[in-house]
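1. Quick one, fold the following:
(4 chains)
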4 protein chains.
Amino acid sequence: MSERRRGALVSERILEKPKPTNPVLVCGLPGSGYVGKLAADHLIGEFKLERVAEYQSAAFPPQVSVKEDGTVDPPKGELYFGAPEKGQELFVFTADAQPTTSEGEYELSDAVVRFAKKCGVRRVYTLAAYITGSFSNSPRVYGSGTSKEVNEMLAEKGVVLMKDGGISGMNGLLIGVAALRGLEGACLLGETSGYVVDAGASKAVLELLSKVVGLPIDTSRLREKAEETQKVISQLQALAEQSREAAPQSGREQRPGYIG
Amino acid sequence: MSERRRGALVSERILEKPKPTNPVLVCGLPGSGYVGKLAADHLIGEFKLERVAEYQSAAFPPQVSVKEDGTVDPPKGELYFGAPEKGQELFVFTADAQPTTSEGEYELSDAVVRFAKKCGVRRVYTLAAYITGSFSNSPRVYGSGTSKEVNEMLAEKGVVLMKDGGISGMNGLLIGVAALRGLEGACLLGETSGYVVDAGASKAVLELLSKVVGLPIDTSRLREKAEETQKVISQLQALAEQSREAAPQSGREQRPGYIG
Amino acid sequence: MSERRRGALVSERILEKPKPTNPVLVCGLPGSGYVGKLAADHLIGEFKLERVAEYQSAAFPPQVSVKEDGTVDPPKGELYFGAPEKGQELFVFTADAQPTTSEGEYELSDAVVRFAKKCGVRRVYTLAAYITGSFSNSPRVYGSGTSKEVNEMLAEKGVVLMKDGGISGMNGLLIGVAALRGLEGACLLGETSGYVVDAGASKAVLELLSKVVGLPIDTSRLREKAEETQKVISQLQALAEQSREAAPQSGREQRPGYIG
Amino acid sequence: MSERRRGALVSERILEKPKPTNPVLVCGLPGSGYVGKLAADHLIGEFKLERVAEYQSAAFPPQVSVKEDGTVDPPKGELYFGAPEKGQELFVFTADAQPTTSEGEYELSDAVVRFAKKCGVRRVYTLAAYITGSFSNSPRVYGSGTSKEVNEMLAEKGVVLMKDGGISGMNGLLIGVAALRGLEGACLLGETSGYVVDAGASKAVLELLSKVVGLPIDTSRLREKAEETQKVISQLQALAEQSREAAPQSGREQRPGYIG
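-> Numbering: from 1, shown residues only, chains lettered A, B, ... in the order given. This next block holds a predicted model:
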């Protein structure tokens, strides 16, 4: 096991260095509708992937969260690996939160992409939300890749290619950084209202990912996971509401310049 | 006495390095209802603890405060130590304010935890507020620990274990960083409205801490201290109000550039 | 080709180092009404300038944008060079976005000015917007230079000299940094309402720049470019609106302190 | 002349190193009512002090301002020195703006205090505003020092000692940092509404400073200077208003996440 700094804010703890032959990296971090996070967690659970690296960042929100087992944990990024099927090697990266500064997001993206590249990854996919503000029963999946070739492949699989706009946060940046490091990749965005944890959008995104990487993915257990997540988030937001009214603790915007 | 950098923002000034046999570290920083800060200050005064280390951070709010003796002081973190009773060794960490950035909170937490660990600390408790938005005459104490064993112990002592949610700011982060450094710990949160300096919540938290660490704590002088604190804060907030209305140079964070 | 750090946040990738005899540097970055960005892009296209350096910054907004060819790209700064006419050597610097922090803007400005100086640049012009809040059919061009001599020259060419006020963001800072590095320069600001992408203001600024540097500039294709840009921005803003209501992904202001 | 880094953000350019026998340092930076800035500028002009050091910071607002002579200048800090009368040696520090981050304010304060200490300064006074929100014809001067001895001296001279509250921004922090570096000092705060550039408050502060350091100060030219300043600020605020409504350039809160 090795631990090292990966920039001013990030440290990387490698638990195990896999030597796959032709792996892909799939990333899903918390964002609108938790579409990407939900999908990434599903892949980790469904394929029983193993944790191979952990990322701390001083740019993560300064707090701890209460895990399902009732113990506390600081926010971290985690990289998982496994081989769901013969010749199918999969890295999945997710995190408890997104860094709170641009610098933090760039450093974390760079650390993950560099380690994945060292492990032989040539293609990176991120899973995110395409916010429409309205609900849809058959959510489309939008996408954009790092090259025209990638875009053509995406279109064949049924992805609606984006013509303009942007993808903000780690789910977008990771693809940008992958491109800067000479990797190919694409972002797949599931159509969502953005108002709730959207298992439907995650399902749509995973079904397309399944076609894109040629890996069957059973999404039947996705909905219950989404319901749990929704419950947790509602509670968090309720707490946040309250503290926002009264509490320095709710963050520095609220914190008086000086506390006696 | 030694002074050294502990990251990009923090410097540590060690006045004395205690060599206790089995000390605990208790932390309480300014936050909602000043529950943690009030409790930490009470422990320092009640047990006449001695200052053993001082922390400066360039992430503290850039200002000075007027102390009780009328002189000015920049914000700082302070670590105290003492042995209230035979076989009872206690470190207490508090600060005048919380750092204003994530990086600042991570660096300060790390510096304190590392020094405490060097001094033999194996268990860290932070005292904080559990905001309900409503007033309570018999405030409950919520909590969450770094392991199931810690949680079981907390439950035995009467702590209501948290099932979800998060603890933000230094009072939460210090436990997270302690866990990363291989220490055990827990956060004890006193139920409070979050609207006022809450001596009742501090009292409840201290009474539970007393059971948890097996140390009798007289909380009779807590209420008057709370009243002073409330007075000071009201004045500070009144001033802040005014300058928020008037300060031309009020700056991008809406933090008044200047408070007279 | 060489790549190197230019500060804590910026890295510079030099594709080619021109050796002109008496070049000028013109800068236009995204700002009010996109006056400067639109004008810079026009110069690059009109004179078929070649890309000679690329700038990455961890202070750029953490995201990717979808380019006209449908592929994604992270924000970057780009320096172009060419010789539109005999004895007319022109560097143009533009970027997809402005850095999100003061430090980021200072570092990027310094990196660009230092490289330009190495290439023999002695005079720097930035193109920006002078916001009036009302629409004008014959927009005036305001300006301010680094010396009285420059100001006299500007006045002769028809620039309305600024008597007070300030120019914020990279379009102002680049001139300030140029002065610190011993270069001369001026900022030319086209009168604009600030409400829309303003091809009229860009045209007015380019016509004055044309007189100032003695280089004929055909602005006939400017308006269509402005219309495309307006379309893209409207879509971006619509998306931003939606996500602002619901989405962590739209930026850290919206992102809950903790995401489960 | 020497130039060097003084931290991650600050660089110091020393034009001349005075060797006085018993100098004091007086600081006044822009803040509420420009009380401190106005007073510092008055001292520089009245005693024809010479510029001995200049400070750049990447934490200053990223912009340039138009000076009275119509040329542009980036924000900077400036240290002046002179000997108004025999045995009266005076350093004055002021700046065009305050740094926009805590780290920036700490680094700049530290750089100035360290250089002043090297030049033999043992006592530092900052001039600031005490905001009451209401207008006063005979503004009082509040104050707080780094020791009881200083406070006693201040009281003798007619300063109203502060009992609580805080002084935020550089005008407060500089005293705090001076204390950390082993210097004595005090902050003098002129009672002001905080709504306008307040020559009356600056006059009151200068009259008390005059008694404290035993140096006669003619304040007759103060009012006209205040009127100019007020005019400039009103224009700046008008511009700021407009751009706040419409303009990315007005700062990152307004700047869309991505600009095409």
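
2. only C-alpha atoms for contact and neighbour calcs from this point on.
-> Will do.

3. Which parts of the stretch 101-250 of chain A are strands?
-> Taking DSSP state E, counting those that start in this stretch to define them, one finds strands in the stretch 101-250 of chain A at A:123-131, A:141-145, A:160-161, A:166-168, A:184-192.

4. Looking at these, spot the one closest to chain D.
-> Closest approach to chain D among the strands of the stretch 101-250 of chain A (C-alpha to the nearest C-alpha): strand A:166-168, 7.0 Å.

5. That closest one pairs with which strands, and in what direction?
-> strand C:63-66 (antiparallel) (DSSP bridges).

6. contacting residues around the partner strand?
-> With C-alpha atoms under 8 Å, 6 or more residues apart in numbering or on different chains as the test, strand C:63-66 has contacts from A:144, A:162-170, A:172-173, A:175-176, C:72-75, D:258, D:260.

7. Hmm, residue A:31 and residue A:195 touching each other?
-> No - applying C-alpha atoms under 8 Å, one finds residue A:195 not in contact with residue A:31, separated by 11.1 Å.

8. neighbours around residue A:20, how many?
-> Neighbours of residue A:20 under the rule other C-alpha atoms under 10 Å in any protein chain shown: 18.

9. Enumerate every residue touching the closest residue to residue A:58 other than its chain neighbours.
-> Nearest residue to residue A:58, sequence neighbours excluded (C-alpha to C-alpha, 6 or more residues apart in numbering or on different chains): residue B:103, at 4.7 Å. Residue B:103 sits next to A:9, A:58, A:59 when contact means C-alpha under 8 Å, 6+ apart.

10. what's the distance between residue B:103 and residue A:8?
-> 10 Å (C-alpha to C-alpha, to the nearest Å).

11. Quick check: residues of the stretch 1-150 of chain A near chain B?
-> A:9, A:58-74, A:100 (C-alpha under 8 Å from any C-alpha of the partner chain).

12. which of those residues count as buried?
-> Neighbour counting with 16 or more other C-alpha atoms under 10 Å in any protein chain shown marks A:9, A:58-67, A:70-74, A:100 as buried within the residues of the stretch 1-150 of chain A next to chain B.

13. list the contacts for the residue lying closest to residue A:179 once chain neighbours are set aside?
-> Excluding the flanking residues, the one nearest residue A:179 by C-alpha to C-alpha, 6+ apart is residue A:146, at 6.4 Å. Going by C-alpha under 8 Å, 6+ apart, residue A:146 touches A:175, A:176, A:179, A:184, A:185, A:186, C:71, C:72, C:73.

14. The first one contacts residue A:182, doesn't it?
-> No - taking C-alpha under 8 Å as the contact criterion, residue A:175 and residue A:182 are not neighbours in contact, 10.6 Å apart.

15. More neighbours: those two, which one.
-> The neighbour comparison of residue A:175 against residue A:182 (other C-alpha under 10 Å) goes to residue A:175, with 32 against 12.

16. Show me what from the stretch 1-150 of chain A comes close to chain D.
-> Contacts of the stretch 1-150 of chain A with chain D, taken as C-alpha under 8 Å from any C-alpha, are absent.

17. any low-confidence regions in the stretch 1-150 of chain A?
-> A:1 (pLDDT under 70).

18. Output stretch A:214-229 as CSV, nothing but the C-alphas.
-> Extracted in CSV, the C-alpha atoms of stretch A:214-229 (Å, rounded to 0.1, in the frame of the first residue of the first chain):
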residue,chain,number,x,y,z
GLY,A,214,-20.8,-4.5,-24.4
LEU,A,215,-21.4,-5.6,-20.9
PRO,A,216,-24.8,-6.8,-19.7
ILE,A,217,-26.0,-4.9,-16.6
ASP,A,218,-29.0,-6.0,-14.5
THR,A,219,-30.7,-2.8,-13.3
SER,A,220,-33.5,-4.5,-11.4
ARG,A,221,-32.2,-3.5,-7.9
LEU,A,222,-31.7,0.1,-8.9
ARG,A,223,-35.1,1.5,-7.9
GLU,A,224,-34.9,0.4,-4.2
LYS,A,225,-31.4,1.9,-3.9
ALA,A,226,-32.8,5.1,-5.3
GLU,A,227,-35.6,5.2,-2.7
GLU,A,228,-33.1,4.8,0.2
THR,A,229,-30.9,7.5,-1.3
